[in-house]
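In: Quick one: sequence and predicted model below, then my questions.
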Amino acid sequence: MTITALALPWLVGLIAVALVFDFLNGLHDAANSIATIVSTRVLRPRYAVIWAAFFNFIAFLFFGLHVAQTLGTGIVDASIVDAPVIFAALIGAIAWNVATWVLGIPSSSSHALVGGLVGAGLAKAGPPVIVWAGLGKTIAAIVLSPLLGFLLALLLVLAVSWSFVRATPFAVDRTFRVMQFLSASLYSLGHGGNDAQKTMGIIAVLLYSQGLLGSEFYIPLWVVLACQGAMALGTLLGGWRIVHTMGSRITRLNPMQGFCAETGGAITLFAATWLGVPVSTTHTITGAIVGVGAARRTSAVRWGVAGNIVIAWVLTMPAAALIAAGCYALVGLFA
């Protein structure tokens with residue numbers, strides 16, 4: 001199958017929409033990379049976003065493209081994917097992202113995209129097109145990624161507290177103000193490595209459906225660079241409503257706690273990316289921030305705020321799926 005002249009504007013337009021989603025992903029999830037380093041006042045916001053955007057962009061140099069493969073072929077059957085399916089999936093994800101961004105709710109851009117793809121696929125061909133193994137591990141990660149981030153951050157706080165038990169508070173603060181540059185870099189790498197790959201998978205499966213990748217699915221280099229660049233630009237512009245929620249409303253952080261939260265979250269993201277599991281960076285860092293707060297005392301965590309975030313997590317995939325299914329139906333009326 002080869003692309004027709006009539007389909008070319010559709011293809012270019014859909015790639016542009018996918019990159020807009022990736023940009024919004026960076027904008028929406030900027031807080032994941034910079035909330036802790038901003039809230040601990042190690043970096044001013046304008047410098048923090050530049051720092052995060054740089055490491056977002058270079059993430060493709062450190063990871064394979066396993067997550068992109070999962071999004072491209074492991075959520076819905078690639079043979080049923082066409083331009084209307086991709087369009088509806090992206091609209092479902094973008095609509096949910098914009099709504100939660102306006103409200104300052106740190107929901108998952110990743111799961112919004114997965115939900116949009118599932119909703120559009122179901123609207124087109126029903127349950128048989130769902131790749132349940134890939135979708136199942138994505139759903140499992142909704143629980144496992146914040147739990148692992150929570151546990152790792154909690155253990156890191158305890159280990160660091162024991163190691164620095166004889167140090168003065170001033171020495172601890174000075175040490176971890178430096179160390180937080182490293183932890184923020186690692187988390188931004190994990191964010192760019194996992195999140196940008198999801199849009200890569202969407203664009204690549206669209207190209208594959210049009211016969212532009214030949215008989216074998218793969219991710220072209222220009223797609224990798226375009227997606228990493230779009231996400232880095234979104235991060236550069238920031239998402240300050242969500243930064244405030246993540247960085248201060250869940251719990252107050254000092255540099256040592258910020259380092260532990262970012263490092264615990266980064267380890268979780270690195271493992272998931274290498275395994276090809278599309279996890280939520282939002283879920284992961286939220287779990288880690290709650291973990292460091294709980295290590296101090298359970299009352300240090302504002303559980304009401306955390307509870308509202310969890311509700312948004314639960315609603316994200318079905319809400320994006322419903323929007324995408326409705327969009328697919330509307331496209332069908334004009335096709």
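Out: Received, thanks.

In: Surely S215 is within a strand?
Out: No. With the criterion set as DSSP: H, G, I helix; E, B strand; the rest coil, the secondary structure at S215 is coil rather than a strand.

In: ok, now how distant is it from Y208?
Out: In this structure, S215 and Y208 are 9 Å apart, going by C-beta to C-beta, to the nearest Å. Where you see a C-beta, it was placed from the backbone N, CA and C, and this is true even at glycine.

In: So between these two, which is more surrounded?
Out: Y208 (21 against 6; other C-beta atoms under 10 Å).

In: How about the more buried one, nearest residue that isn't a chain neighbour?
Out: Spatially, and ignoring its direct neighbours in sequence, Y208 is nearest to F217 (5.1 Å; C-beta to C-beta, 6 or more residues apart in numbering).

In: For the one you found, give me the pLDDT.
Out: For F217, the model assigns a pLDDT of 87.

In: Ok, V129 next?
Out: Model confidence at V129 (pLDDT) stands at 93.

In: ditto for A325
Out: Model confidence at A325 (pLDDT) stands at 96.

In: wait, isn't it in contact with A88?
Out: Yes. Taking C-beta atoms under 8 Å as the contact criterion, A325 and A88 are neighbours in contact, 7.3 Å apart.

In: Give the residues shared as contacts by the two.
Out: Shared contacts of A325 and A88, defined by C-beta atoms under 8 Å, 6 or more residues apart in numbering, are found at G119, A120, A123.

In: picking up where we left off before, have a look at A325 and A88 and say which one is more surrounded.
Out: Residue environment comparison for A325 versus A88 gives the larger neighbour count to A88, 27 against 22, counting by other C-beta under 10 Å.

In: Just name the closest of the shared contacts of A325 and A88 to L103, please.
Out: G119 (21.1 Å; C-beta to C-beta).

In: how near is that closest one to V81?
Out: G119 sits 13 Å away from V81, taking C-beta to C-beta as the criterion.

In: If you count surrounding residues, which of the two has more?
Out: A direct count of neighbours by other C-beta under 10 Å for G119 and V81 places G119 higher, at 28 against 25.

In: Just confirm that one is within a strand.
Out: No. Inclusion of G119 in a strand is not indicated when three-state DSSP is applied; the result is helix.

In: how many neighbours does the residue nearest to Y208 have?
Out: As a burial measure, the neighbour count of F217 was computed by other C-beta under 10 Å and equals 17.

In: next one: T168
Out: By other C-beta under 10 Å, the residues close to T168 number 9.

In: For Y218, which non-adjacent residue is spatially closest?
Out: Leaving out its chain neighbours, Y218 is closest to A204 (C-beta to C-beta, 6+ apart), at 7.1 Å.

In: Verify the contact between the one you found and A68 for me.
Out: Yes. Under the contact definition of C-beta under 8 Å, A204 touches A68, with a separation of 6.5 Å.

In: which neighbours do those two share?
Out: For the pair A204 and A68, residues contacting each of them under the criterion C-beta under 8 Å, 6+ apart are I219.

In: So for the two, which sits in the more crowded spot?
Out: Comparing A204 with A68 by neighbour count (other C-beta under 10 Å), the higher total belongs to A68, at 30 against 27.

In: ok, the more buried one - contacts?
Out: The contact partners of A68, by C-beta under 8 Å, 6+ apart, come to Q197, K198, M200, G201, A204, I219.

In: Ramachandran angles for it?
Out: In this entry, A68 is assigned phi and psi values of phi -60, psi -40 (degrees, to the nearest 10).

In: what helices or strands is the one helix or strand P84 maps to leaning on?
Out: Using DSSP states H and E, P84 falls within helix 83-103. Helices and strands in packing contact with helix 83-103 are listed as helix 7-39, helix 109-125, helix 169-209, helix 240-244, helix 303-334; criterion 3 or more C-beta pairs under 8 Å, 6 or more residues apart in numbering; DSSP states H and E.

In: so which of those is the most packed in?
Out: Ranked by mean neighbour count under mean count of other C-beta atoms under 10 Å, the helices and strands packed on helix 83-103 are led by helix 109-125, which reaches a mean of 28.

In: Give me the next element, helix or strand, following it.
Out: Moving toward the C-terminus from helix 109-125, the first helix or strand encountered (DSSP H and E) is helix 132-163.

In: quick one: T268 and L148 touch, right?
Out: Yes. Taking C-beta under 8 Å as the definition, T268 is a contact partner of L148 at 4.8 Å.

In: Would you mind telling me which of those two has more residues around it?
Out: More neighbours sit around T268 than around the other of T268 and L148, counting by other C-beta under 10 Å; the figures are 31 against 23.

In: If anything else comes up later, I'll come back, but that's it for now.
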